[in-house]
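1. Please find the sequence and the predicted model below.
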Amino acid sequence: MLRRMIFNRLRTSALSLILLVTIVFFLIHATPGGPAYSILGMHATPEAVAALNKEMGLDHPLWQQYAIWWEHLFEGNLGYSFTQHAPVASLMGSYLANSIILYVLATVIAIFFSVLIGMFQGYWAERTPGVLIGAGQIIVYSIPTFFIGVMLILFFAIYVSWFPPGGIGGDQSAGGALNIGSYFHHMVLPAITIALPLTAGLSRYFGHQARSEYRLDYVRTARARGVPPLRIAVNHVLRNAIRPLVTVIGMMIPGIFVGGILTESVFNYPGLGWLLWRSALEQDYPTLSAIVLLIGVLTILGNLAADLTNSILDVRVRYE
Amino acid sequence: MNVNNSLVARPIPGMFTRIWTDSLRHWVGQYSHPMTWTGLGLFVFLLLFSWVGPLLYPVSPLAIHANHLLLAPSWQYPFGTDNLGRNMLARMMDGGKATLEVGLLGAVIAMFLGILYGMVAAMSPRWLDKVLMRLLDALLALPGIVLMIFFAAIIPLNTLSLILVLGCLSWPGLARIVRNEALAYKERDYVLAARQFGASTLYIARVHLLRSMLPILIVNATFMVADLILALSGLSFLGLGIQPPHASWGGLLNDGLQLVIIGPWWLIVFPGVAIFLAIVAMNVLGQGLLARLEGR
């Protein structure tokens, strides 16, 4: 049963990936003047365009180009960025690493505080503190990520200057040794910026879960038996309420990317989102489409990983 | 009342007005909740600020005053001035117009496309439904803002093109909701009965399914407006939305960020709070409607 479920899930994801690659293929062809112009720039001579078209196989009919596009993907050839003067694939490595470290840090912070806040919210569900937490969640959730970022810079970097206003620590560009302390010091404000709205959304969900657990009979029984409240919270409620968390984190992945793109732009943090933003401003289409593809692939794979983990952890999911 | 219309032999005086007011009262009562009114009031305030405000405070948002640069809020300049000496209050009103316009009109387009796609998927044969849903999965794997950034790099940026792009890229989430709702209602007895009586697919979709899910559509419309305001503000903040010299709240916030070292809080707080209020208004409105729907 488990094997069949995993197989089905893999098939769905594979289909999504194929469709995603197709969508990005058409997106590239939607760029003005087609791919050749986007690589050579708007002022390319027709001869140069024709030469490049021939070289890249762009003079073939669309379906053959589509096949070539797949071939290039399997070779890891994502195109050449003429604004950065490097193949796109080699360019993305360090940006991707920076982003992943930042996003994982932000997600861990968000999960920790969501569970904490959610437990209190569930415990106080119908009383004033619970209602206040609920209101706070809607309010924090509605603050745009970039506004949080700008306010954090204004306060923590300009007025009290505890943290740097942006950039990345460790001086990677000068080839110096990676200074871990400085690296994470630069990461504090961006991580909080991404984590805050995530926490608001996730703790609301988790609060609902905890609240419905607290209403169940076994909790009342435990209370009647005289089990201490903290033990009820941790051993009974938390263990049951935390179960759907993996799926929810899977669903949060697009949100993390959205928050990440804006946050990296605010803090000039050289991650994937920052690269996406820069290449959009510089109309560097090869890089742009490669990042769009990469974010889509990461999202699909993340969802797949979440679902598979869940199906292994929770027996009931397998029998859907 | 409404239901017994056909059974009444002759018209009762005042019947039609009563029906009209009753159904209005019923309709309002169905959604009435403190949160609904708070959100609605806040949003109407922002609409008035952006459209009626310039009539009451007729100052040009583009006029440059070289000797009034970066002034903090005062009686002469209630929201201060920016680095070109432009009146921030006037720019906020102007920016509100652009932001809310794109948010509301873009949401109309997105609602239309989402309902259309979801309905087509729900009413079509199983295999087509499956294909459409897989396509939707692939689209949903790309966060809206990523595609918006992609298209913003391609197209000329103005209010109309932004309405179209944001509207045309924001529907996939809604399409899934519509499709799932439609499938849930599709097997109800009254829909099956209508089909037995020979009602066409289009008629069932329009009359039975869409009307049944109207409350859910209204709730999602509020969230859609909030999402679009957020998306436009994000794009403008990145310099990929409304282009200068025209103002938008996101663009103003970005202008403020460029000067953050000098610390002019009024250039950052006012636009940021405006975006926040617009989004919170729509989210609170939506939560209020949702609370009524779920009977809380």
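-> It's in.

2. for chain A, what are the nearby residues on the stretch 151-296 of chain B?
-> Contact residues, the stretch 151-296 of chain B versus chain A (Cβ under 8 Å from any Cβ of the partner chain): B:152-154, B:226, B:230, B:233-234, B:237-240, B:250, B:253, B:256-257, B:260-261, B:263, B:265, B:268-269, B:272, B:275-276, B:279-280, B:283-284, B:287. C-betas here are computed from N, CA, C, even on glycine.

3. And these, which of them are buried?
-> B:152-154, B:226, B:230, B:233-234, B:237-240, B:250, B:253, B:256-257, B:260, B:265, B:268-269, B:272, B:275-276, B:279-280, B:283-284, B:287 (16 or more other Cβ atoms under 10 Å in any protein chain shown).

4. Show me which residues of the stretch 101-250 of chain A sit near chain B.
-> For the stretch 101-250 of chain A, the residues in contact with chain B (Cβ under 8 Å from any Cβ) are A:138-139, A:141-147, A:150-151, A:153-154, A:158-159, A:165.

5. Secondary structure element for residue B:239, which one?
-> Using DSSP states H and E, residue B:239 maps to neither a helix nor a strand.

6. Could you check the pLDDT of it?
-> On the pLDDT scale, residue B:239 is placed at 86.

7. close enough to count as contact, it and residue B:253?
-> No: using Cβ atoms under 8 Å, residue B:239 is not in contact with residue B:253; the gap is 11.4 Å.

8. most residues in a single helix of chain B, which one?
-> Assignment by DSSP state H gives helix B:88-123 as the longest helix of chain B.

9. Would you mark the buried spots in that one?
-> Buried-residue list, helix B:88-123, by 16+ other Cβ under 10 Å: B:88-107, B:109-111, B:113-115, B:117-123.

10. which residues does the nearest residue to residue B:47 once chain neighbours are set aside contact?
-> Nearest non-adjacent residue to residue B:47, counting by Cβ to Cβ, 6 or more residues apart in numbering or on different chains: residue B:100, 6.4 Å away. The contact partners of residue B:100, by Cβ atoms under 8 Å, 6 or more residues apart in numbering or on different chains, come to B:46-47, B:50, B:229, B:278.

11. swap the cut-off to 10 Å and go again
-> By Cβ atoms under 10 Å, 6 or more residues apart in numbering or on different chains, the contact set of residue B:100 is B:43, B:46-47, B:49-51, B:225, B:228-229, B:232, B:248-249, B:274, B:278.

12. Likewise for residue A:300?
-> Per Cβ under 10 Å, 6+ apart, neighbours of residue A:300: A:12-17, A:19-20, A:253, B:137-138, B:140-142.

13. now swap in residue B:36 and tell me
-> With Cβ under 10 Å, 6+ apart, residue B:36 has these contacts: B:28, B:222, B:284-292.

14. pLDDT score assigned to the residue nearest the centre of chain B?
-> With distances taken as Cα atoms, centre = their mean, residue B:225 lies nearest the centre of chain B, 1.6 Å away. Note on residue B:225: pLDDT of 93.

15. I'd guessed it sits against residue B:101; true?
-> No: taking contacts as Cβ atoms under 10 Å, residue B:225 lies outside contact range of residue B:101: 11.3 Å.

16. Without its sequence neighbours, what residue ends up closest to the one residue in the stretch 1-150 of chain B that gets nearest to chain A?
-> Relative to chain A, the nearest point of the stretch 1-150 of chain B is residue B:138 (3.6 Å; Cβ to the nearest Cβ). Of all residues not flanking residue B:138 in the chain, residue A:19 sits nearest, at 3.6 Å (Cβ to Cβ, 6+ apart).

17. Residue B:286 too?
-> residue B:222 (3.7 Å).

18. Any figure for the gap between the one you found and residue B:154?
-> 30 Å (Cβ to Cβ, to the nearest Å).

19. about what we covered before: now the residue nearest to the centre of chain B: which helix or strand?
-> helix B:214-237.

20. Next, the buried residues of that helix.
-> Under the neighbour-count criterion of 16+ other Cβ under 10 Å, helix B:214-237 has B:217-237 buried.

21. again with stretch B:47-62
-> So for stretch B:47-62, counting by 16+ other Cβ under 10 Å, buried means B:47, B:49-50, B:53-54, B:61.

22. mean confidence for it?
-> 84.

23. now that stretch: how far from the chain's centre is it?
-> Taking Cα atoms, centre = their mean, to the nearest Å, one finds the center of stretch B:47-62 at 22 Å from the center of the full chain.

24. Same question for stretch A:195-212.
-> With Cα atoms, centre = their mean, you get 18 Å for stretch A:195-212.

25. What residues of that stretch count as buried?
-> A:195-211.

26. Give the helix, strand or coil label for the residue nearest to residue B:138.
-> helix (DSSP: H, G, I helix; E, B strand; the rest coil).

27. Could you check how far it is from residue B:120?
-> With Cβ to Cβ as the criterion, residue A:19 and residue B:120 are 17 Å apart.

28. Could you do residue A:204 as well?
-> From residue A:204 to residue B:120 the distance is 33 Å (Cβ to Cβ).

29. Once you drop chain neighbours, what's closest to residue B:292?
-> residue B:33 (5.0 Å).

30. nope, residue B:208 is what I was after
-> residue B:191 (5.1 Å).

31. List the contacts of that neighbour.
-> B:182, B:185, B:199, B:204-205, B:207-209, B:212.

32. rewinding a little: out of the residues of the stretch 151-296 of chain B next to chain A, which sit inside helices?
-> Per DSSP H, the subset of these in helices is B:152-154, B:226, B:230, B:233-234, B:237, B:250, B:253, B:256-257, B:265, B:268-269, B:272, B:275-276, B:279-280, B:283-284, B:287.

33. Just confirm residue B:188 contacts residue B:181, I think it does.
-> No: applying Cβ under 10 Å, one finds residue B:188 not in contact with residue B:181, separated by 11.6 Å.

34. Overlap of the contact sets of the two?
-> B:209, B:212.

35. just checking, residue B:195 touches residue B:208?
-> Yes: Residue B:195 lies in contact with residue B:208 (Cβ under 10 Å); the separation is 9.4 Å.

36. neighbour-wise, which of those two wins?
-> residue B:208 (20 against 15; other Cβ atoms under 10 Å in any protein chain shown).

37. what kind of secondary structure is the more buried one in?
-> Following three-state DSSP, the label given to residue B:208 is helix.

38. dump the residue contacts of it.
-> B:182, B:185-186, B:188, B:190-191, B:193-195, B:199.

39. just residue B:206 next, same as before
-> Taking Cβ under 10 Å, 6+ apart, one finds B:119, B:199-200 in contact with residue B:206.

40. same deal with residue B:250?
-> Residues counted as contacts of residue B:250 (Cβ under 10 Å, 6+ apart) are A:144, A:146-147, B:95, B:98-99, B:229-242, B:271-272, B:274-275.

41. Please determine how far it is located from residue B:228.
-> Separation of residue B:250 from residue B:228 (Cβ to Cβ): 12 Å.
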